[in-house]
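K.L.:
Attaching a predicted model along with its sequence, questions to come.
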Amino acid sequence: MSAELSQKGQVLRAVNLSAGYDGRAIVSGITVEASPGKVVSIVGPNGSGKSTLLKSLVGVVPVLAGSVSVGESDITNVAPERIATLGVGYVPQVDDVFPPLTVKENLEIGGYLLERHLVGERITAVLDFFPRLKTMLSRKAGKLSGGERKMLAMGRVLMLTPSVMVLDEPTANLAPQVATQLLEEFIRGFADHGTTVLLVEQRAKAALRISDWTCVLGGGRVVLEGVPADLERDPVFVESFLGGGARH
Amino acid sequence: MSSFGFGLVSAAVLAIAAVGFTMQFAVTNVLNLAYGSIMINSAFVTYYVNTHAHVTPWVATIGGVATGAIVSWALNRFVFTPFQRRNLPPITIVMVALGMDLIGTFGLQAIVGGSYVSFQQSQGSEYHILGMFLSGLQLTIMGLAVVVLVAIHWLLRYTRLGKAMRATSANPNLARNSGVKTGLVISMTWLISGALSGLAGTVFAMNTGVFEATSAQLYIVMLLAAMFLGGPGQPYGAMLGAVTIGVATEISAAYINPEYKEVIAFLVLIGMLMFRPYGLFGSEKTA
Ligand SMILES: Nc1ncnc2c1ncn2[C@@H]1O[C@H](COP(=O)(O)OP(=O)(O)O)[C@@H](O)[C@H]1O
Ligand SMILES: [Mg+2]
């Protein structure tokens, strides 16, 4: 992969974090740490608070207790536009592009914090990584297919050469091969390049394959965590996530 | 044919006004029903600069434009934003805006009284173009509308600020996650669209000739019709909607009673919405 797409990471850390909407906690007591060169994944059933957790890390949902930091900076309840300046790139689960803007304009907004004269060459670098987008630069993002749209959402985040990538179910609704490529080639690749990756992934098996550490969320709390090899041997985990019982 | 000509002039005024109005709704989600009162307040500032500083209305317009920009910005900053922060249903902001419109209009009336005034301005010589008789003033207003529409198109399409405005409109959280200071972008939107409301108020007053504090009170009807005709939140739609409504109302005014202008505007709107429920430019997603 291209060497300059993402950069050497910083530690993203949440300590004893509670967060939620309208003062009501959806997740609580969460301590999680993602470090450079590693993929940390979060799995758990629908509604367990995975998206809420990620949103609170990037400033979109209020932190009610505990703290969040990236590198040396405390980012607890810091505005999202400030967190972006620290090199944290976030791809939401839904609403991950600007539908009425063209592909090129989406990338330009991704590079909003760059000096103007760097934006053009940065777009070229991102397009070399996602060549599919090259042919659709003037198409509106709202008209892209699911896979193309996810590439654009990732591309937007890569515009700033992120040191930390926070990804919320990037493979949802993707064809299986595309999903596998995204996880095993691209996302694992960013981490291998030294970037910090925090990933929410519905499909536990696929998540374990590329993760260095995995947290299981249930009812807004971390109910289990460990290295993939250990989780794969945990009967409860196998029962609930790896096809023993309910499928997720 | 002459009513078509007048229609084009009214359409030009409406286009300038509707683009500012639509920008406010698209970028900040506020249906600013106080727009008409800001227009007429700005027109009065232009009038006072015109008559007291003895400069042409076009020079005096600087005062009107500044008024529109500052008043609109302040209205958002000190009234709409505090209400939006409290997560109230959108109808609350609409009611607040309606109240601000009444305060703006009747506050102005309390200050300037109820009598009609007009700018000190010549109409310019008469021109005969394509079977229409148009004054120099009317041609200037039409030219100005074209300049404004091109400038706004250029702003939204090609500038960093304009793209940030569209991004903020489409997905404010994602814009912030990309580093866009959406608060600043929204302030700039109110300043620019407010400047347009000030300009629109002045050309509206020029076009009607004589005006008083309540002259623009029903103008919001025309603005709503133009905006919804084009598809809410679509600046290009608003431009086309303004031309359609402007021409339709003037032509009908020539044959029916001019008092029914606003009714005609809404009839055109309702008729069109039966065929294109999301407006000429809108789609289900953007509405
Ligand atoms: N904007 C919101 N306002 C209030 N509650 C919300 C909001 N978004 C999500 N929730 C609630 O938070 C809980 C967790 O949702 P979410 O974080 O999306 O879970 P997951 O991503 O694990 O599926 C759910 O019960 C959901 O109803
Ligand atoms: Mg989720």
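P.N.:
Yes, it's here. Numbers count the residues shown, from 1 in each chain, chains lettered A, B, ... in the order given. Ligands and ions are numbered 1, 2, ... in the order given.
K.L.:
B:L199 is in what secondary structure piece?
P.N.:
Per DSSP states H and E: B:L199 is located in helix B:182-208.
K.L.:
just checking, what packs against that helix?
P.N.:
Helix B:182-208 is packed against helix B:2-28, helix B:35-52, helix B:57-75, helix B:136-158, helix B:160-170, helix B:172-177, with contacts defined by 3 or more CB pairs under 8 Å, 6 or more residues apart in numbering or on different chains; DSSP states H and E. For every residue, glycine as well, the C-beta is placed using N, CA and C.
K.L.:
now the residue of the stretch 101-250 of chain B found nearest ligand 2: how far from ligand 1?
P.N.:
Relative to ligand 2, the nearest point of the stretch 101-250 of chain B is B:N173 (14.5 Å; CB to the ion). Per CB to the nearest ligand atom, to the nearest Å, B:N173 is found 11 Å from ligand 1.
K.L.:
The helix or strand following the helix holding B:L199: how far from the chain's middle?
P.N.:
Using DSSP H and E, the next helix or strand after helix B:182-208 towards the C-terminus is helix B:219-230. Distance of helix B:219-230 from the chain centroid (CA atoms, centre = their mean, to the nearest Å) equals 9 Å.
K.L.:
which other helices and strands contact the helix or strand following helix B:219-230?
P.N.:
Remark: after helix B:219-230, the chain's next helix or strand is helix B:235-255, criterion DSSP H and E. Applying 3+ CB pairs under 8 Å, 6+ apart, one finds that helix B:235-255 contacts helix B:2-28, helix B:136-158, helix B:219-230, helix B:261-275.
K.L.:
ok and helix B:235-255 relative to helix B:219-230, angle-wise?
P.N.:
For helix B:235-255 against helix B:219-230, the angle by axes from the mean of the first three to the mean of the last three CA atoms, to 10 degrees is 120 degrees.
K.L.:
Is the residue nearest the centre of chain A in a helix, a strand, or coil?
P.N.:
Geometric centre of chain A, nearest residue: A:L167, 1.1 Å, by CA atoms, centre = their mean. Reducing the assignment at A:L167 to three states with DSSP: H, G, I helix; E, B strand; the rest coil gives strand.
K.L.:
ok, now which ones touch it?
P.N.:
Contacts for A:L167 (CB atoms under 8 Å, 6 or more residues apart in numbering or on different chains) come out as A:Y90, A:V91, A:M154, A:I187, A:V197, A:L198, A:L199, A:V200.
K.L.:
The last one touches A:T171, doesn't it?
P.N.:
By that I understand A:V200. No: the pair A:V200 and A:T171 fails to qualify as a contact (CB atoms under 8 Å) at a distance of 10.1 Å.
K.L.:
ok, residue 220 - how many residues close by?
P.N.:
Answering for chain A, as no chain was given. Number of residues near A:G220 (other CB atoms under 10 Å in any protein chain shown) recorded here: 22.
K.L.:
nope, chain B
P.N.:
23.
K.L.:
same question, B:L155
P.N.:
Neighbours of B:L155 under the rule other CB under 10 Å: 16.
K.L.:
Grab the nearest non-local neighbour of it.
P.N.:
Counting by CB to CB, 6 or more residues apart in numbering or on different chains, B:L155 lies nearest to B:G162, which is 4.3 Å off, once chain neighbours are set aside.
K.L.:
and chain A, which of its residues are near ligand 1?
P.N.:
Chain A has residues A:Y21, A:I26, A:G44, A:N46, A:G47, A:S48, A:G49, A:K50, A:S51, A:T52 near ligand 1, with proximity defined as CB under 6 Å from any ligand atom.
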